[in-house]
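Peer 1: take this sequence and fold it.
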Amino acid sequence: MKALLVNREDDNPKMVLGEAPDPKPRGNELLVKVESTALNRADLLQKKGGYPPPEGESEILGLEMSGVVAEAGPDVTKFEPGDRVFGLLGGGGYARYCTIHEDHAIPIPEDLSYEEAAAIPEVFLTAWQALFWLGELKEGETVLIHAGASGVGTAAIQLAKKMVGARVIVTAGSEEKLELCRSLGADLAINYKKDKFDRVIADKSGSESVDLIIDFVGSPYWDMNIRSLAMDGRLVYLSMLGGAKVEEMNLVPLLRKRLTVRGSTLRNRSAEYKSDLVKEFWERCSGAFENGELKPVIHTIMDWELAEEAHQLIKQNLNAGKIVLTGFSDH
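Peer 2: Down below sits the predicted model:
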């Protein structure tokens with residue numbers, strides 16, 4: 001089959017179109033003919049050799065996709081050939097065909113395009129896990145979402161407002177991105193390039209007023225995060241793009257304010273964990289996607305042969321929302 005592969009002939013790996021063995025569905029797996037896939041920053045890390053797939057998963061990049069079931073494994077009970085599905089992958093989305101466990105696949109609502117469906121799984125499931133399973137966000141609380149215009153950020157804003165009516169604060173690096181966050185429901189949007197977010201929050205809401213922080217930045221924000229958190233506040237790390245080492249750390253606020261600090265990735269979770277996450281998310285949110293209350297934010301849609309150009313957009317932090325690759329079935 002046609003697939004996007006990583007060319008590592010030099011120190012600057014690039015995506016190239018090539019051939020890969022056809023995957024075969026086993027047990028409870030579906031073979032899906034891919035229509036669209038969406039990009040994630042983790043793809044760039046894997047391309048450089050820094051984020052290997054979990055054991056048994058495809059070496060091909062791609063953590064989410066949408067498409068049509070081409071074949072069902074012998075133990076599948078939920079889907080049949082011809083069904084439109086989207087879902088979360090351990091790898092393999094950058095190809096004409098992929099396999100997915102039936103419990104990780106979701107039927108595409110009638111009014112949702114393949115491009116829209118492909119932009120949902122990774123970011124909305126990551127956001128759901130961070131907000132509600134790890135962050136324990138409750139009705140009426142305040143959540144600070146860093147990188148608010150990112151894929152996970154745009155999903156988290158919507159979920160926090162829709163599901164529990166939280167007060168949402170975001171950081172982003174341009175007025176265009178801040179305005180996008182406001183349009184999704186953010187109550188306070190802060191340009192981190194111009195202002196120290198902890199000072200703005202203290203001025204607008206009072207110091208120590210944030211119940212939950214979702215952070216992708218890491219060490220540069222540590223002190224400001226800790227200062228902003230309220231009593232019994234929670235800090236959830238999903239990435240550390242700005243750095244992983246905090247040179248000097250004062251532990252006193254953790255005790256004084258009874259703070260909880262957690263970190264998580266989703267890709268290396270067990271199949272059972274992902275199944276439970278998918279099940280809860282879709283049971284709670286399917287209606288909101290069907291009526292348009294929840295929606296994936298798509299920055300641009302590109303032909304899959306332009307994957308390397310798409311990666312550069314993410315690398316340069318030029319996208320607001322998801323970048324989707326399509327056209328897989330045309331080759």
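
Peer 1: and the strands in the stretch 1-150 of the chain?
Peer 2: Counting by DSSP state E, counting those that start in this stretch, the stretch 1-150 of the chain has strands at residues 2-7, 14-19, 29-38, 64-72, 84-88, 97-101, 105-107, 142-145.

Peer 1: could you dump those strands to CSV with distance to Phe289 and mean pLDDT?
Peer 2: Using the backbone N, CA and C atoms, a C-beta is placed for each residue, glycine as well. Shown next, in CSV, are these (distance: least, Cβ to Cβ, whole Å; pLDDT from 0 to 100):
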stretch, distance to Phe289, mean pLDDT
strand 2-7, 27, 96
strand 14-19, 30, 95
strand 29-38, 15, 98
strand 64-72, 13, 98
strand 84-88, 11, 98
strand 97-101, 19, 98
strand 105-107, 10, 98
strand 142-145, 20, 98
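
Peer 1: the ones you listed: which one's closest to Glu309?
Peer 2: Smallest distance to Glu309 across these (Cβ to Cβ): 9.1 Å, for strand 14-19.

Peer 1: so what touches that closest one?
Peer 2: Around strand 14-19, the neighbours that count as contacts under Cβ atoms under 8 Å, 6 or more residues apart in numbering are 1-7, 47, 61, 94, 305, 307-308, 311, 331.

Peer 1: quick check on those: which are buried?
Peer 2: With neighbours counted using 16 or more other Cβ atoms under 10 Å, the contacts of strand 14-19 contain these buried positions: 1-6, 47, 61, 94, 305, 307, 311.

Peer 1: return the member of these nearest to Pro21.
Peer 2: The nearest one, if we look at the buried ones among the contacts of strand 14-19 relative to Pro21 and count by Cβ to Cβ, is Met1, at 7.6 Å.

Peer 1: Glu122: which of the strands of the stretch 1-150 of the chain is closest?
Peer 2: Closest approach to Glu122 among the strands of the stretch 1-150 of the chain is made by strand 64-72 (4.5 Å; Cβ to Cβ).

Peer 1: just the buried positions in the closest one, please.
Peer 2: Of the residues in strand 64-72, those with enough neighbours to count as buried (16+ other Cβ under 10 Å) are 64-69, 71-72.
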